[in-house]
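> Sequence plus the predicted model coming up.
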Amino acid sequence: MTDLRREIIGLLPRLRRFARSLTGSVVEADDLVQDACVRALSRAHQWDPHKPLDRWLFRITRNVWINEIRKRKVRLGQGHIPAEDSVELITTETGEARVVARQLEGKIASLPDDLSTILLVVSVEGYSYAEAAELLDIPIGTVMSRVYRARKTLAKNIADVSEVCHDTV
């Protein structure tokens, strides 16, 4: 159990980044990671040590978030976060790079949830399509299709912004 805890601690930065991509909020992401870790530790006996721990934790995190969204819809009718409040991508750059990163963040956050999540899992976290399919419990063809649609939509949105900027200059 101590080794498992140590491994979980090592995965916390990646879990927080993934949770932020799901929640769109640093505070909610921290709560989500805490809930996911509590669930993982309470169900440590279900983890197969022959399989990657990160996939198991990401799946738990995703499932806890889905449950939270369902609860909100039933209780409060919430669950959507404005794109401008999203913090999926964080950069230490300054100036123009920070502005571009912030715009990209907003564009990714404005994608439908199924597209933004898969884009971040594959492009930011570096999972293969097969790993993402297993993690999100969807067919690999769906992963490929969503990544393609997300990238195409994102490229179009960025091109639209670029055209507006050139027209106003």
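Alright, I've got the coordinates.

> Next, count neighbours for the residue nearest to I140 when sequence neighbours are not counted.
In space, and not counting its chain neighbours, I140 is closest to A133: 4.2 Å by CB to CB, 6 or more residues apart in numbering. Yep, even glycine has a C-beta here, placed from its N, CA and C like the rest. Burial measure for A133: 19 neighbouring residues, criterion other CB atoms under 10 Å.

> for L32, same thing?
Neighbours of L32 under the rule other CB under 10 Å: 23.

> so what's it up against?
For L32, the contacting residues are 19, 22-23, 61, 64-65, 68, by CB atoms under 8 Å, 6 or more residues apart in numbering.

> could those residues be laid out in CSV, adding distance to M144?
Shown next, in CSV, are the contacts of L32 (distance: CB to CB, whole Å):
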residue, distance to M144
A19, 25
L22, 21
T23, 26
T61, 23
V64, 26
W65, 23
E68, 28
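
> on that earlier part again, pull the helix or strand containing the residue nearest to I140 out as CSV, backbone CA atoms only.
Assessed by DSSP states H and E, A133 sits inside helix 129-136. In CSV, the C-alpha atoms belonging to helix 129-136 read as follows (Å, rounded to 0.1, in the frame of the first residue of the first chain):
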residue,chain,number,x,y,z
TYR,A,129,-5.1,6.3,-29.5
ALA,A,130,-5.3,2.8,-28.1
GLU,A,131,-4.5,4.0,-24.6
ALA,A,132,-6.9,6.8,-24.9
ALA,A,133,-9.6,4.4,-26.0
GLU,A,134,-9.0,2.2,-23.0
LEU,A,135,-8.8,5.1,-20.6
LEU,A,136,-12.1,6.7,-21.8
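
> Perfect, that will be all.
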